[in-house]
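> Any chance you could fold what I've pasted below:
(2 chains)
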Amino acid sequence: MEASSLQRVIEELKRLPGIGTKTAQRLAFFIMKMPTEQALGLSRAIEELKEKIRFCSVCGNLSESECCDICSNPNRNPRLICVVQEAMDVMAIEKTGQFRGRYHVLHGALSPIDAIGPDELNIKTLMQRIQQEPIEEIILATNPTIEGEATAMYLAQLVPSRSSCTVSRIAHGIPVGGHLEYADEVTLAKAMEGRRRL
Amino acid sequence: MPLYDSEAVVLRTVDFKEADKIVTFLTPGHGRLSGLARGAKRLRSRFGASLEVLTHGRLVYFDRQGKNLIGINHFDVLRSFQGIREDLMQSASCQYLAELAMRFVPEREAAPECFALLLGALGQMEAVKDPEALLRIYEIQFLGLLGYAPRLDACVQCGRKAAAYGFSSKQGGLVCGSCGSALKDVASVSRGVIHFWRKASDLAVNRIGRIGLDGRLNGELKQILHRYLLYLLGREIRSFTFLERLRKEFGSLRAAR
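This is a model prediction of the structure:
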């Protein structure tokens, strides 16, 4: 019979997305065999994550304080807001080092079949921001899926009714380093549509 | 393992594990089929944008014995309905049609008429000004294909013709005044609605986008059809609620302008 503490770890790990019983058992045994320091380090990291991390009251990004590092940074352009679905998207865009504006995290996308409507997303605070902050452009960087497109279209209709700022959409097309012959028709058509003058 | 191929429309995708997706299709020969698309979320996946909801394509798959999910080998786009995706109301309307197919069409049972109806509706959606009439005709024809067409020529209980009728979801059709008085779920139904319902039932699929419907009649028909669909399904149709909300919100936005 398995020790109850081991069983507890297995049960807790099974709650994670994509982790079934077998994987949970494998991970639990791996943790059990880890040096004590490392295992405790993992448990402390999870504890700290839950205690310290919260959502920024301005943009909804992950933060350790009331206002996240990006919103409180005076060197970021307050006139430019990039709207993304998830906090992970902020990390992806930040890695490029190309965007110097601020963000707004929606925490999801409109999905009729999943009953995710505008009220379930962080849209109300975005509307407050466009009225209170000196925003000139909103860049809609939601995913190019049907849900992401629906969210972008919704905001593109809503924002002009509340403010005079420009609304733009990130470009879609062939990934850098990709080959045209392997691109699907939809992506290729989008790339042609979004071509730019050199 | 043999490979099969079939025409299909993507009804729904759900993220699975790190980079996979579970995709639900509507096919003419096997009804609803769900399958695993490995690596579909990756930027350079071989599926590209082909597995987006509402895409019509040719599905090549293998069926693993004893498994619920098919393995998706590839999906070649025949029509992406890009125009629909670029209009919020049309996109939400088509997702409602897809949800109806998701909820009602059984798994692994031939449904060629349901497939043709959905494809016909998607093909005509881009051209219609107001999708409401198309949605009502789709609902009427879809119910008929599933075997839920209501009796519209006489009272469903006593079989007598009457001057005025009510509609009972539980009885599945029109009821006369005396039969209806004993029932709890009877909604009033006008002659206009009965006439439109009959006309819409016989319409060819390639004409369903060409018929108009006035606002009052649409309101009445929408309510009756929605109640009937809810009764048959026994649960909320989420995309309908979403669509109604959008309609209200953007209706008031337009009015404010």
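
> rest of the way, CA atoms for contacts and neighbours
Fine.

> can I assume B:Ala187 sits in a strand?
Yes - under DSSP: H, G, I helix; E, B strand; the rest coil, B:Ala187 sits within a strand.

> Can you tell me the closest non-neighbouring residue to A:Cys20?
Not Cys; residue A:20 is Gly. In space, and not counting its chain neighbours, A:Gly20 is closest to A:Lys14: 5.7 Å by Cα to Cα, 6 or more residues apart in numbering or on different chains.

> pLDDT score for the one you found?
As predicted, A:Lys14 sits at a pLDDT of 93.

> ok, it - how many residues close by?
17 (other Cα atoms under 10 Å in any protein chain shown).

> do the same with the one 5 residues further on
In terms of burial, A:Ile19 registers 15 neighbours under the definition other Cα under 10 Å.

> what residues are up against it?
Contact partners of A:Ile19, counting by Cα atoms under 8 Å, 6 or more residues apart in numbering or on different chains, are A:Leu13.

> following the host helix or strand of A:Glu48, which helix or strand comes up?
Element membership for A:Glu48, per DSSP states H and E: helix A:36-52. For helix A:36-52, the following helix or strand on the C-terminal side (DSSP H and E) is strand A:54-55.

> Quickly run through the sheet partners of that following strand, with directions.
Within its sheet, strand A:54-55 is paired with strand A:62-63 (antiparallel), according to DSSP bridges.

> got any ranges where the chain has weak pLDDT?
No chain was given, so I picked chain A. A:1-3 (pLDDT under 70).

> should've been chain B
B:252-257.

> Look through it and state the residue closest to chain A.
B:Ser239 (4.2 Å; Cα to the nearest Cα).

> got a list of what that residue touches?
Counted by Cα under 8 Å, 6+ apart, B:Ser239 has contacts A:Pro112, A:Ile113, A:Asp114, A:Ala115, B:Ala92, B:Gln95, B:Tyr96, B:Glu99.

> Going by distance to A:Ser43, which of those wins?
Comparing the contacts of B:Ser239 against A:Ser43 with Cα to Cα places A:Asp114 closest, at 33.4 Å.

> So the closest one is in contact with B:Glu236, correct?
No - A:Asp114 sits out of contact with B:Glu236 when judged by Cα atoms under 8 Å, with a separation of 11.2 Å.

> what's the closest non-adjacent residue to the residue nearest the centre of chain B?
Centroid-nearest residue in chain B, with Cα atoms, centre = their mean: B:Leu97, separated by 2.8 Å. In space, and not counting its chain neighbours, B:Leu97 is closest to B:Leu118: 7.2 Å by Cα to Cα, 6+ apart.

> B:Asn206 now?
B:Gly120 (6.2 Å).

> Distance of the one you found relative to B:Cys114?
According to Cα to Cα, to the nearest Å, B:Gly120 and B:Cys114 sit 10 Å apart.

> Which one's more surrounded, these two?
More crowded of B:Gly120 and B:Cys114, by other Cα under 10 Å: B:Cys114, with 23 against 18.

> how about the one helix or strand that one maps to: buried residues?
Assigned by DSSP H and E, B:Cys114 falls within helix B:112-125. For helix B:112-125, the neighbour count (16 or more other Cα atoms under 10 Å in any protein chain shown) marks B:Glu113, B:Cys114, B:Phe115, B:Leu117, B:Leu118, B:Leu119, B:Gly120, B:Ala121, B:Leu122, B:Gln124, B:Met125 as buried.

> Outline the domain layout of chain A.
For chain A, the structural domains run A:4-52, A:76-177+A:186-191, going by automatic domain parsing.

> Point out the most buried one among these.
domain A:76-177+A:186-191 (a mean of 17; mean count of other Cα atoms under 10 Å in any protein chain shown).

> Quick one: distance of it to the chain centre.
Centre-to-centre, domain A:76-177+A:186-191 and its host chain are 10 Å apart (Cα atoms, centre = their mean, to the nearest Å).

> near chain B at all, it?
Yes - using Cα under 8 Å from any Cα of the partner chain, we find that domain A:76-177+A:186-191 touches chain B at A:112-115, A:117, A:145-146, A:149-150, A:153-154, A:161, A:175, A:186-187.

> Report the separation between the most far-flung residue of chain B relative to its centre and B:Ser168.
The C-alpha centroid of chain B is most remote from B:Ser178, which lies 33.9 Å away (Cα atoms, centre = their mean). Using Cα to Cα, we find B:Ser178 at a distance of 13 Å from B:Ser168.

> residue ranges of the helices in the chain, please?
Going with chain A. Listed in chain order, the helices of chain A (DSSP state H) span A:4-13, A:21-33, A:36-52, A:87-96, A:124-132, A:146-162, A:185-193.

> wait, chain B
Using DSSP H, helices in chain B cover B:82-85, B:88-104, B:112-125, B:131-145, B:177-180, B:191-201, B:215-233, B:238-256.
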